[in-house]
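Asks: what would the 3D arrangement of this be:
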Amino acid sequence: QVQLVESGGGLVQAGGSLRLSCAASGRAFSIYNMDWFRQAPGKEREFVAGINWSGGNTRYSDSVKGRFTISRDNAKNTVYLQMDSLKPEDTAVYHCNTNPPAKGYWGQGTQVTVSS
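Replies: Numbers count the residues shown, from 1 in each chain. Now for the predicted structure:
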C-alpha cells in the first residue's frame, strides 16, 4: 500500500514557475513507475508526465513537453514536477499516481492557477 500526498501548487503569473512534489509513504516506492496527471474544471483528467522506477526514462504529453520536467528521489520517496513557462491553460488540480494508476492511491492533489 502506498499513500501519496501532493504539494507545491499555488497562484503564479503566466511565464512563471512552480515545483510540485509528490511524497509517498509506504514501502517499496522505488519499484513503481510514477505519473503526474491534471484535471481542469469541466475536463477529464489527463496525463502530464511519467517517470520509470529508476528515473532513467521520462515521457511527457505534447502540451507540456519542453516546459515541464519530471524527476524523482527514491531516497526521499518523492517525485517532482518542475513546471516552467507556465500558461493559463496549465491551470488545473495536479495529481500523482503509480503507472498504471491505482484507484485507491488518488490523493487530494494540488491546485495550480496560472493568471494571464
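
Asks: hey, where'd the strands end up in the protein?
Replies: Here the chain has its strands, by DSSP state E, at 3-7, 10-13, 18-25, 33-39, 46-51, 58-60, 68-73, 78-83, 92-99, 110-115.

Asks: what number of residues lie near Ala28?
Replies: Ala28 is flanked by 11 other residues according to other CB atoms under 10 Å. All C-beta spots, glycine's among them, are computed from the backbone N, C-alpha and C.

Asks: wait, what's in contact with the nearest residue to it once chain neighbours are set aside?
Replies: Of all residues beyond its chain neighbours, the one nearest Ala28 is Val2 (7.7 Å), with distances taken as CB to CB, 6 or more residues apart in numbering. Contacts were defined as CB atoms under 8 Å, 6 or more residues apart in numbering; by that measure Val2 touches 24-26, 28-29, 32, 98, 102, 105.

Asks: kindly recompute the last result at 6 Å.
Replies: Contacts of Val2 were listed using CB atoms under 6 Å, 6 or more residues apart in numbering, and they are 24, 26, 105.

Asks: quick check, central residue of this structure?
Replies: For the chain, the residue nearest the mean C-alpha position is Trp36 (3.2 Å; CA atoms, centre = their mean).

Asks: hang on, it packs against Val48?
Replies: Yes. Trp36 lies in contact with Val48 (CB atoms under 6 Å); the separation is 4.4 Å.

Asks: my guess is Thr58 contacts Ile51, does it?
Replies: Yes. With contact taken as CB under 6 Å, Thr58 and Ile51 are classed as touching, separated by 5.0 Å.

Asks: joint contacts of the two?
Replies: Common neighbours of Thr58 and Ile51, counting by CB under 6 Å, 6+ apart, are Ile70.

Asks: higher neighbour count, those two?
Replies: The residue with more neighbours, out of Thr58 and Ile51 and counting by other CB under 10 Å, is Ile51; that gives 23 against 14.

Asks: distance of the more buried one from Gly8?
Replies: Remark: distance between Ile51 and Gly8 (CB to CB, to the nearest Å) = 16 Å.
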